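**Q** have a look; sequence and predicted model below, questions after that.
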Amino acid sequence: MTVYYSEDHEWIEVEGDLGTVGITDYAQGQLGDITFVDLPQEGAKVAKGDSVAVVDSVKAASDVYTPVSGEVAEINEALADEPELVNSDAEVGGWLFRVTLSDPSELEELMDEAAYKKFVAGL
Amino acid sequence: MRYLPLTPADRSSMLETIGASSVDELFCDVPEAARLTGPIEGLPMHASEMAVERHLSALAAKNLNAGSAPFFLGAGAYRHHVPASVDHLIQRGEFLTAYTPYQPEIAQGTLQVLFEFQTQVAALFGTDIANASMYDGSTACWEAILMAARVTRKGKSVLSGGLHPHYGEVVRTMAKFTRDDIVSLAPELTAEADDAAVIAAIDDGTASVVVQYPDILGRIPDLAAIAEAAHAKGALLIAVVTEPVALGLLEAPGHLGADIVVGEGQSLGVGLQFGGPYLGLFGCREKFVRQMPGRLCGETVDAEGKRGFVLTLSTREQHIRREKATSNICTNSGLCALAFSIHMSLLGGEGLSQLAAINHDRAQALVARLTQIPGVSALSEAYFNEVTLVLSRDAREVVRDLADRGVLGGVSLGRLFPELDGLHKGLLVTATETVTDADIETFATELAAVLEGVAA
Amino acid sequence: MSGVNTAGWRPSMNSAEGGVSVPETQSGDHALMLEEPLIFELGCEGQTGVDFDAPAKAVSPALAKFRRKAAPAVPGLSEPEAVRHYTRLSRQNYGIDLGPFPLGSCTMKHNPRLNEKMARLPGFADVHPLQPQKTVEGALEVIEQLADWLITLTGMASVAMSPKAGAHGELCGLLCIRAALDARGETRDVVLVPESAHGTNPATAAFAGFKVETIPATPEGRVDLAALKAKLGPDVAGVMITNPNTCGLFEPEMKAIADAVHAAGGYVYCDGANFNAIVGRVRPGDLGVDAMHINLHKTFSTPHGGGGPGAGPVVLSEALAPYAPLPFVARGEDGHVHLVEEENRGEGHARAFGRMVAFHGQMGMFTRALAYILSHGADGLKQVAEDAVLNANYVLRSLEDVLQAPFGKSGPCMHEALFSDAGLPEGFTTLDIAKGLIDEGFHPMTVYFPLVVKGAMLIEPTETESKPGLDRFIASMRNLAQRAREEDASLHSAPHFAPRRRLDETRAARKPVLVWKADARA
C-alpha cells in the first residue's frame, strides 16, 4: 500500500489496482471550511487530469483532478451529510472516490510523501 | 445641475489635492482622437424637473391605459388591483436604493424579505424550495430546461403546444446556441390541452417536459398524468405558471408531481408596466438545490448566535464559477420580489383563494355574456380567468377594431402565433377582479357590432 | 430660562450612568433598533389585508377536479401589520439614501425621485405589452427616444433594448456575434477574456457556447496587447473587454486591440458596466467596439432595489445590428414608431437571431433612465463623467499614503480607486477594513475584486457625493487604516454596531435552510 501525491494537491493510496483519492491536508487548509463535495458517478470512465469532483467552500469552488485514469469504483457517500470530514480528516475519512486504475504506470509521474512535503514547503 | 453636489470651488480645490491642472488631465489615457471636447452635438442640454415631467407626461398621454378602458388582456401579463401600501413600502429608500445584500450585517431587511419570499413561492407552487427570483417567466423557463438537463444528464426537452409562444421562442433561441434539442408541439383549437401529444413525445432521451398550467389557450392540462409519463422515462416535468393567482384555486403543480415549477410573478404586486420589469419565479425539489440557477437566501446565525440571513450556495454562481457557473445570471428581480411578497402577505393564503375565486367568477360572467353573440364560442369549459373565444373571422382585425371603439378586447392568437393559420380566429380574453359588469356589457356590445361589420 | 426643570435631568448625568449597569431590555429591542420576526411568526392565521368588492359565486363544476385541496400555507397580515413589518425590516438595510455606498463597479449613485414618479404615470405603468400598437404609441416613443440617446452617446449604429440586465445584455451581444459568424459561414468558437474581467464575462461566453481563453494583464493593470495578439486566429470569435477596466483604468490601447481583433476576423464586445466614467466624454463606437451593454441601473440611475431589476440594452455596430433580437422598436418613414415582432419581422428585421424575453424588456427602467437623461442633457452627462472621475481621483490621492494603491503610479484612475491590503500588518485584511466601515456608518467598498489584485478594495464614490461627504468618508478610511496599522484586534470582530454581527456563512451553505418550516424550531 503506497500513497502518492500530485502537484494539484490530490493524494492517492493504491492497493492492487484500486486507488483511493482525496485532497491533501495542506489543500483543505488553503480552502477553508468545506461546505459541499460534488462527486463523480460510480462507473464513470475518467482520464488522468480530468476534473472529476468539485470541493466547495463558502467563497470558492475548487476542481479536483484525478491523478490516474480508470473507472470510478466507489464514492464517499458520507461526505453528502458531512462535507466537513474533508477538513477534519482530509487524508483518511475525508477521501473522495476510488478508481480502478487502467494504467498503473501513471503513478510514476506522481510524488511520494517526502517529495510532496518539499513541494509544499516551496510554495 | 440638481443631481451634482460639487461646486466649481470644490472642483478646483480637489484638482489641487490631486495635483492636476484640469479635469481633462484625468482623461489622459483616452486616445486624443477619441476625446470629445464639448457636449455631444445634436442632443438637448439639461432640463428642469418641470420640463422633463411635461415631456414624459405628454408621451404617457398618448397611450390608452388599462384603467381607462374596458380591459381584457392577459397572455402572460395580468391586470390586478395592487394595494396602495405595496407601492408605498417598496419606495422606502432602504429597499429602493440598496444593493444586492453582499454585506449581510447591514442588509437583513432585504435578506429576510427574500427568505419570506422563497417560502411564499414554495408554498404557492407546492415545491420544497424556491429561489430569490429571476428576470421573468420566460427566462426562468429556459433556466429550468438547462437545470433539468444538468440533473438528468440528457439534452432533449419537449415543449407543450400550450406554452406561451414567447417563452417557446426564448427557449428555441437559446437552444440554437447551446445546441440543446427542443421538440415544440404546435397548439390546436381543441377543448382539451395537448396532454396526449406531450406524453407521446417523451422518450428515453428526454430530459424535461415543459407544460404551461393553465395553458396559453386557457385550458388546464392534467399535470399528474404527464408527470407520471415523464418520470417513467427518467424525465423531469417543468410546470410553467404565467398567472400565479390561478394557484389560489387550482392544485399546486408541485403537489401534482412537477419537479420544477417556474412562473411569472407579475400578477402580484408588480403591475403591467408594458412588459417589464417583472419577476421570474422558480421552485423545485430540495434534492436539486445545488443545480439550481439564481440567488438563494438561507438562514444562519451571527457571531452572537442571533438568527440572520445570508445569500448562500454562491459557488453555483458566475462570480465564483466563472465559465463553469450554472447560469450567467447575476441579479434577481429584487424590488419586484419585494412587491410580490408584500402583496402576498396582505392577501394571505385565504385571501389569495378568494381573489382567485372572484377572478374565475368574472371570467365565467364574461364567457356567458360574449357567447350569446352569434359567431362567438368558448374553446373550453374548464378555465381559470382566461379563455380562448373562437370567432367567425380573423381576431387580429377584431382586436384593432375594438381598440378603435375604446375597448381593449383581448389578445388575438394571430399576433401570438402568426405562422399558425388554424388559430387565427382565436381571441384570448381575460377577466380579473378589476373587470366590472359594465365593462363586460360594453365589450359585448362592441364585439357584436364589430363582428356584424357595423361602422364605429 | 424656560421654567422649572421638573424632570430633574442634568447634562452631567449623561456620563456612563454613574456606574449603574443597564439591564437588557425585556423586548430585546433597543429604542430605534428594532428586531422583527418572520411573517410566519407574527401569529396571523386566517387574517387578510385586502377587502374585495363582492364574494365569488360558485366555482364552475368543470374546475372541480383541478381544485386545490388547501389554500397555500402562507399567513395574511392586516394593512397596519404589513406596513409595520416591512417598515421595520427596511430599517435593517443600508441604502444610498442613507449615505455613501462606494461599491466599485456597481455605480451606486443617487436615484432621482422624478424617475420614480414618471415611471408610475398610468400611461406607462398601466399599459399591457400586447395592446394594439396604436394604443401604446407613447410607450414605443419612450423606447425609441431612449434608444436614440444611447446610440448617440455611444456612437454606435443600433441598440437592442430588450435584455433584462447587464449579464443578459452580454449574452445578447455574444449571440449577435454568433449569428454574424453563422451568416459568414464560420464556426469560430473561442472568446478571449482578460483575467481582470468580471466573472460574468466568462460565464456568459460559456453560456453562449464559446470556449473561454484568458488574456493576462500587464503590471500596469492593462490588457497585455502582445499576449492578446498572440492568441488571435481563425478560431477566435472575439474578445470581451471591460473599458474602463475593473482596475478603474482606461485601456489606452482599446483602438489597437479592436483593430487587431477585426483584422483577425473577430468582433469586440465591451462590457459597459463602467460607462459612467466616460459618458459624454468618449464614444465607444470611436474605439472600434461592436457591441456593448449599458447597465441602466448604473450609468443612468435606475434603482438597484436590493438586487434588481436591472436593465441591459446593448448598442451594436453596423456589422452586428441586423442580428439584434425581437421585439424591436423602429421609426418608420412616416415618422411613427412601430414595433417589429414575429408577426412582421420580414419588414426590415428578417435576420434577428430570435427572442430573449417574453415582452419588450424593462420598460419601467426605460422611463426612469429617459427621465434621468433628459434631466442631465448632453452637458450634464459630460459633467457626470467628469465629476465621477474627479471624485475617484480625490479619494485615490487622499488615501494612497495610508493604503497601498497598486496602480497609483499608473496615472489617474477613472471613476473608481483601487487599493489593496498588502501594506497592512500580518493578519489585517480587506475584510476588516470593510466591516470596520460598517461601524463607521458607511457601506463598504467592493472587496476582493478584481481578482488580479490580492485583497482588493475598489472604491467608486460616483458623482453624486459632495466634497464634505467624501471628506468624512476619507477621514473614516484613514482612521481604519491607522487602527489596522496599530493592530487593533477589535477590527477582526467588526461590525459591532450593525443589526447583526458577522454571519456564519459556512453553516448556511452546509445545511441550507431556504424556506421557513413550521416545525423547524418546535
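**A** That came through fine. Predicted, not measured: the structure shown is a model, and the values here were computed from it. Residues are numbered from 1 along each chain as shown, chains lettered A, B, ... in the order given.
**Q** quick one: pLDDT of C:M1?
**A** Confidence at C:M1, expressed as pLDDT, is 57.
**Q** what do you get for C:G19?
**A** Note for C:G19: predicted pLDDT of 63.
**Q** show me where the chain has helices.
**A** Picking chain A for this. Taking DSSP state H as the criterion, chain A contains helices spanning A:25-31, A:85-88, A:113-121.
**Q** that answer is for a different chain, and I need it for chain C
**A** Remark: helices assigned in chain C by DSSP H are C:79-90, C:113-119, C:122-125, C:137-154, C:166-183, C:200-207, C:225-231, C:254-263, C:363-399, C:430-439, C:467-485, C:505-510.
**Q** any low-confidence regions in the chain?
**A** In the absence of a named chain, chain A is used. Low-confidence segments of chain A, defined by pLDDT under 70: A:1.
**Q** that answer is for a different chain, and I need it for chain B
**A** B:317-330, B:455-456.
**Q** residues in contact with the residue positioned nearest the centre of it?
**A** Most central residue of chain B, judged by C-alpha distance to the mean C-alpha position with CA atoms, centre = their mean, is B:E264 at 3.3 Å. When the contact criterion is CB atoms under 8 Å, 6 or more residues apart in numbering or on different chains, the partners of B:E264 are B:76-77, B:136-138, B:140, B:241-244, B:278-281, C:358. (Each C-beta comes from the backbone N, C-alpha and C, glycine too.)
**Q** about what we covered before: winner for burial among the helices of chain C?
**A** helix C:200-207 (a mean of 27; mean count of other CB atoms under 10 Å in any protein chain shown).
**Q** any residue of it up close to chain B?
**A** Yes: when contact is scored as CB under 8 Å from any CB of the partner chain, part of helix C:200-207 falls within range of chain B: C:T200, C:P202, C:A203, C:T204, C:A205, C:A206, C:F207.
**Q** look up the closest residue to the fifth one, ignoring the ones flanking it.
**A** For C:A205, the nearest residue in space outside its immediate sequence neighbours is C:V191; the separation is 4.2 Å by CB to CB, 6 or more residues apart in numbering or on different chains.
**Q** excluding sequence neighbours, find me the nearest residue to the residue nearest to the centre of chain B.
**A** If you skip the residues right next to it in sequence, B:E264 has B:G137 as its closest partner in space, 3.0 Å away by CB to CB, 6+ apart.
**Q** before we move on, the earlier item: the residue nearest to the centre of chain B and B:H424: what is the separation?
**A** Going from B:E264 to B:H424 by CB to CB, to the nearest Å gives 25 Å.
**Q** on that earlier part again, out of the contacts of B:E264, who's the most crowded?
**A** When the contacts of B:E264 are compared by neighbour count (other CB atoms under 10 Å in any protein chain shown), B:Y278 ends up highest, at 35 neighbours.
**Q** what's around the closest residue to chain A within chain B, how many residues?
**A** Using CB to the nearest CB, the single residue of chain B nearest to chain A is B:T315, 4.0 Å away. As a burial measure, B:T315 scores 25 neighbours (other CB under 10 Å).
**Q** that one is in contact with A:V55, isn't it?
**A** No: the pair B:T315 / A:V55 is not scored as a contact, 9.6 Å apart, by CB atoms under 8 Å.
**Q** next, show the common contact partners of these two.
**A** Taking CB under 8 Å, 6+ apart as the criterion, B:T315 and A:V55 both touch A:F36, A:A61.
**Q** out of the helices of chain A, the one nearest A:L39 is which?
**A** Closest approach to A:L39 among the helices of chain A is made by helix A:85-88 (11.3 Å; CB to CB).
**Q** using PDB, list the CA coordinates for the closest one.
**A** Listed next in PDB are the C-alpha coordinates belonging to helix A:85-88 (Å, rounded to 0.1, in the frame of the first residue of the first chain):
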ATOM      1  CA  LEU A  85     -14.800  15.400   7.100                       C
ATOM      2  CA  VAL A  86     -12.600  16.800   4.300                       C
ATOM      3  CA  ASN A  87     -11.500  19.500   6.800                       C
ATOM      4  CA  SER A  88     -11.100  17.300   9.800                       C
END
